[in-house]
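>>> Dropping the sequence and predicted coords here.
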Amino acid sequence: MRKTVKVRTDKGKLLLDFYYKNVRCREYLGIDNTKQNWRFAERLASEIEQKILLDTLDYVEYFPESKKLELFGISRKKEYLFSEYANKWYNTQLKKYEASLISKSTLKQYEYGINKIKLTGFYFKKVDDIKKKEIEEFIIDLKAKGLKSKSINNILTPIRLIFNSMYEEELVNDNIMLKIKNIRQEKVDIDPFNREEVLRFLEYSKNKYPETYPLIATMVFTGMRVSEVLGMKWENIDFNDNTYTVKSVIVKGEIKETTKTVESKRVINLPDILVEILKKHKTNTFLKSEFVFLNRYNKPFTKTANINKVYWKPMLNKLGIRYREIRQLRHTHAILSILAGDNPHDIAKRLGHSNLLTFFNRYAKYLKDYQNESKLQNYIFAEYCQNLNIKNSK
C-alpha cells in the first residue's frame, strides 16, 4: 500500500506532507532530522494516515497551531496561557520518552523544572504578557532558597525550550529567554583524600568489604566518574592489553549506552595492581552479570546511596577519616597522579576532560614538575605490588 502521509525534511527539520480533505498539508514537527526522530515521525505518519483513512482524524489534536485549521473550519486558539502550553509541551516530551527519543533522566529534569515553575506568578499568565523581569525575579528567588547554580540552570532548561517552541510556532512575539543567561556555576568542590588515607581505606575495604573493594580501587586508580564505574561491563575490559573502554554509564538508576561527552568515551590503561584486583574479582561476578560490580542481590549498583550507607560512610567513620563523598575519589586520583609526576595531558585524558583547560582550571595549584611515565601505582601501592609479585616501574 502506497503511503499517503510522508515524512520529509526542510532545512534540517522534519515535517509531514499529506493531503487532507483534498488540501495539501505540510506540517512541521519542530524536531531535528535524526535517525531516532525520523523513526518517531514515521510512526506518527502511520497513525495519522490510518485516521485519515477511517475519517477519524482530529486535526487540531495533532496540529493545534496549524495555519490550515481556519481553512478546515476549525477555530484556532489565538492566545495561550503559559501553563497550557507548558502542559502540551511536557506531554510531547513524554511521548518522546516513550519513543526512546529522550532519556528517563532528561524527562525527570524537565518535570522537576516545570514543578518549580508552577510556583511562580507567571505560570498562569498569557505567554505574551510574561516579562524578562519576572524570569529574573524567579532566578533570584531560587538562589535565595539555597539552590546551586547548576540546579537553577537545569530548571531554566525547560523554560528555554518551551519559549523556543512557542516562538517557532509564532505564539509569542518575542523569545525573552534569549535575553536570560545561565548563572555562572560554582567551581567544582575539590576535597581529595591524601595518600595515607587512601592506603588505609583500601586496606580496610579489602579485608572488610571485599565486594566493594574492587569498585573503590577502580575509582582510585582510574579517576573514572562514579556513573562510569557503576556502568562498567566485563565485555569492555581487555585483559590482553590491560585496558578498559568507557562505553556505558548508570545515572540515577538508569543504564545508558552512552557517555557524558564525546571525550568521555575513551580507553583507559589499567595499572598492573588494578588488573590483578579485577581478575580476582571476575571469579565472583562474571557468570552472574554482564556488569562488573554487583550488590548483594547480584544486581548492578544503580545508585551511590546504598554504597554510601552500607560501606563508604561506616568505613570512613570506623577509620576516623573525615567524611567526603565517594565522588571525591575522582579528584583524589587526579591530584595524587599529579603528585606522583604523571603528565597532565595523560591525566586529563584518563579523566575524560573535553580539554586541558578544564584540567588546569581545577587542579592548577597541585601541579609541579612531572615525568612522562606514570608513578601512581608505586606512589600509592608499592607494598601491595610486592605482595602480588608485580614488578614496580622504574
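That came through, no problem.

>>> Quick check: which ranges of the stretch 101-250 of the chain have low pLDDT?
Where the stretch 101-250 of the chain drops to pLDDT under 70, the residues are 186-187.

>>> Shouldn't residue 26 be within a strand?
Yes. Under DSSP: H, G, I helix; E, B strand; the rest coil, residue 26 sits within a strand.

>>> was I right about it contacting residue 19?
No. Taking contacts as Cβ atoms under 8 Å, residue 26 lies outside contact range of residue 19: 10.6 Å. In short, each C-beta sits where N, CA and C put it, glycine included.

>>> what stretches of the stretch 251-394 of the chain score poorly on pLDDT?
For the stretch 251-394 of the chain (pLDDT under 70), the answer is 258-264, 367-394.

>>> just the strands in it please.
254-256, 267-269 (DSSP state E, counting those that start in this stretch).

>>> For the stretch 151-300 of the chain, which segments count as helices?
195-208, 213-222, 226-230, 272-285 (DSSP state H, counting those that start in this stretch).

>>> Throw the ones you listed into CSV and include mean neighbour count and distance to residue 88, thanks.
Formatted as CSV, the helices of the stretch 151-300 of the chain follow (neighbours: other Cβ atoms under 10 Å; distance: least, Cβ to Cβ, whole Å):
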stretch, mean neighbour count, distance to residue 88
helix 195-208, 16, 51
helix 213-222, 24, 43
helix 226-230, 24, 32
helix 272-285, 17, 46
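
>>> Of all the ones you listed, which one comes closest to residue 265?
helix 226-230 (10.0 Å; Cβ to Cβ).

>>> Tell me who's in contact with residue 201.
Shown in contact with residue 201 (Cβ atoms under 8 Å, 6 or more residues apart in numbering): 193, 216, 315-316, 319, 321.

>>> mind running it again at 10 Å?
Taking Cβ atoms under 10 Å, 6 or more residues apart in numbering, we find residue 201 in contact with 193, 208-209, 213, 216, 220, 312, 315-316, 318-319, 321, 329.

>>> What of residue 253?
Neighbours of residue 253 in contact, by Cβ under 10 Å, 6+ apart: 104-105, 230, 301-303, 305.

>>> quick one: it from residue 227, how far?
Per Cβ to Cβ, to the nearest Å, residue 253 is found 11 Å from residue 227.

>>> which residues are in contact with both of the two?
With Cβ under 10 Å, 6+ apart as the test, residue 253 and residue 227 both reach residue 303.

>>> Near residue 25, how many other residues are there?
Other residues near residue 25 come to 20 when the count uses other Cβ atoms under 10 Å.

>>> shift numbering so it begins at 263
Yes, from this point I'll number from 263; that puts the last item at residue 287.

>>> Could you export the helices of the stretch 413-562 of the chain as TSV, including distance to residue 359?
Below are those laid out as TSV (distance: least, Cβ to Cβ, whole Å):
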stretch	distance to residue 359
helix 457-470	38
helix 475-484	30
helix 488-492	20
helix 534-547	31
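
>>> Determine which of those approaches residue 439 most closely.
Per Cβ to Cβ, nearest to residue 439 of the helices of the stretch 413-562 of the chain: helix 488-492, 29.2 Å.

>>> now that closest one, how far from the chain's geometric center?
Distance of helix 488-492 from the chain centroid (Cα atoms, centre = their mean, to the nearest Å) equals 12 Å.

>>> mind saving the C-alpha coords of that helix as PDB?
Below are the C-alpha coordinates for helix 488-492, written out as PDB (Å, rounded to 0.1, in the frame of the first residue of the first chain):
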ATOM      1  CA  VAL A 488      31.000   7.200  39.700                       C
ATOM      2  CA  SER A 489      28.500   6.700  36.900                       C
ATOM      3  CA  GLU A 490      31.100   5.200  34.600                       C
ATOM      4  CA  VAL A 491      32.400   2.800  37.300                       C
ATOM      5  CA  LEU A 492      28.900   1.600  38.100                       C
END
